[in-house]
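Visitor: got a predicted structure plus its sequence, pasted below:
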Amino acid sequence: MNLNGLYVILFLCFPFISCGQGIAPPPAPSKQAQDSISVVDTLPKKVRNLARFEGEIKKMEEGDRVDPKPQQAVLFVGSSSIRFWKTLTEDMAPMPVINRGFGGAVTAEVNYYFHRIVSLHKPRILVLYVGENDLFNPDVSIDSVALDFNAFRDSVSLHLPNTRCFFVSVKPSPARWGFQEKFTQANARFKAICEAEPQWEYIDVVPAMLNGEGNPKPEIFKSDKLHLNAAGYLLWKNKIKQRIQKEWKELQVGK
């Protein structure tokens, strides 16, 4: 048999051989890719202005220069439900607290300012409230918001690996009750993501905010029927503080 005939036989019997080198197997999907395996659509094609709240962020930074915030504190970050929590410092005492709620932020905007309002403070505990403003847009899918949340988790894992993190469920409200089914489905996704991550825990505020008929309690909202009033924040305090204070005490013991 001549040499050319031998090549033909080798090719037919061992098609994976090419120039003496096997074809490398495909790389394993990244952790984020695995989390996002069910994604079927993406964000709207319209370009978003993620820097629209730059003025608010600069005011925070100016305030920090005048009154530096402590590191290793409890950091609350997210949208206006955090921003309007004016009694947060008193409600969470004696734990030291930093409020970094801004505008009507969507998740991607929190990601955009991550280093300026989150990692900068090196929090011991982080409480995140996002998703409501994303999901209120009918063009934004649960999958796309989950991707943005995954991006935030990746940033925390990389830059704040020792920070204990809590995700507060998307709240129900009379003003956005028409989106509640979408909120409920998204909360189930967020809960599953948190349960798969030892660094994260999901805090469900929804049941406490509903009355016996399964509707939002009107007495815990401001006149806009969207934002919480003092009674609403007292409810949040009772749901959130108990859990993070237990964690805070355990972390102090472990120092």
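Guide: All right, it came through fine. Remember, it's a predicted structure, so these values are computed and weren't measured experimentally.
Visitor: alpha carbons only for contacts and neighbour counts from here, please
Guide: OK.
Visitor: got the contact list for G178?
Guide: By Cα atoms under 8 Å, 6 or more residues apart in numbering, G178 lies in contact with nothing.
Visitor: from Y233, how far off is it?
Guide: Distance, G178 to Y233, by Cα to Cα, to the nearest Å: 23 Å.
Visitor: and R243, by the same measure?
Guide: To Y233, R243 is 15 Å away according to Cα to Cα.
Visitor: more neighbours: which of those two?
Guide: In this view R243 and Y233 are compared by other Cα atoms under 10 Å, and Y233 has more residues nearby, 22 against 14.
Visitor: okay, and the more buried one sits in which element?
Guide: Taking DSSP states H and E as the definition, one finds Y233 inside helix 230-253.
Visitor: what comes into contact with that helix?
Guide: Outside helix 230-253, the residues within contact range by Cα under 8 Å, 6+ apart are W85, D91, M92, M95, I125, I203, V205, A208, M209, E219, I220, F221.
Visitor: now the fifth one. Its backbone dihedrals?
Guide: Dihedral angles phi and psi of I125 (degrees, to the nearest 10) take the values phi -130, psi 140.
Visitor: for it, what are its contacts?
Guide: I125 is in contact with Q72, A73, V74, L75, T163, R164, C165, F166, I244, W248, counting by Cα under 8 Å, 6+ apart.
Visitor: what is the nearest of the residues you listed to E56?
Guide: Of all these, E56 sits closest to L75, with 16.8 Å by Cα to Cα.
Visitor: let me see the contact set for the nearest residue to H121 once chain neighbours are set aside.
Guide: Leaving aside its sequence neighbours, H121 sits nearest to Q71 (Cα to Cα, 6 or more residues apart in numbering; 5.1 Å). Shown in contact with Q71 (Cα under 8 Å, 6+ apart): H121, K122, P123, R124.
Visitor: ranking by neighbours, what's the top pick from these?
Guide: Going by other Cα under 10 Å, P123 tops those with 23 neighbours.
Visitor: that one: helix or strand, and which one exactly?
Guide: Following DSSP H and E, there is no helix or strand that holds P123.
Visitor: for it, give its distance to M95.
Guide: From P123 to M95 the distance is 12 Å (Cα to Cα).
Visitor: shared neighbours of those two, anything?
Guide: Common neighbours of P123 and M95, using Cα under 8 Å, 6+ apart, are A73, V74.
Visitor: secondary structure class for V77?
Guide: Per DSSP: H, G, I helix; E, B strand; the rest coil, the local secondary structure of V77 is strand.
Visitor: separation between it and S155?
Guide: Taking Cα to Cα, one finds V77 at 14 Å from S155.
Visitor: of the two, give the one with the bigger neighbour count.
Guide: Ranked by neighbour count (other Cα under 10 Å), V77 and S155 place V77 first, with 24 against 17.
Visitor: for the more buried one, name its beta-bridge partners.
Guide: Beta-bridge pairing of V77 under DSSP bridges involves R100, L128.
Visitor: mind listing what's buried along stretch 153-161?
Guide: For stretch 153-161, the buried set under the neighbour-count rule, 16 or more other Cα atoms under 10 Å, comprises R153, S155, V156, L160.
Visitor: no further questions, thank you.
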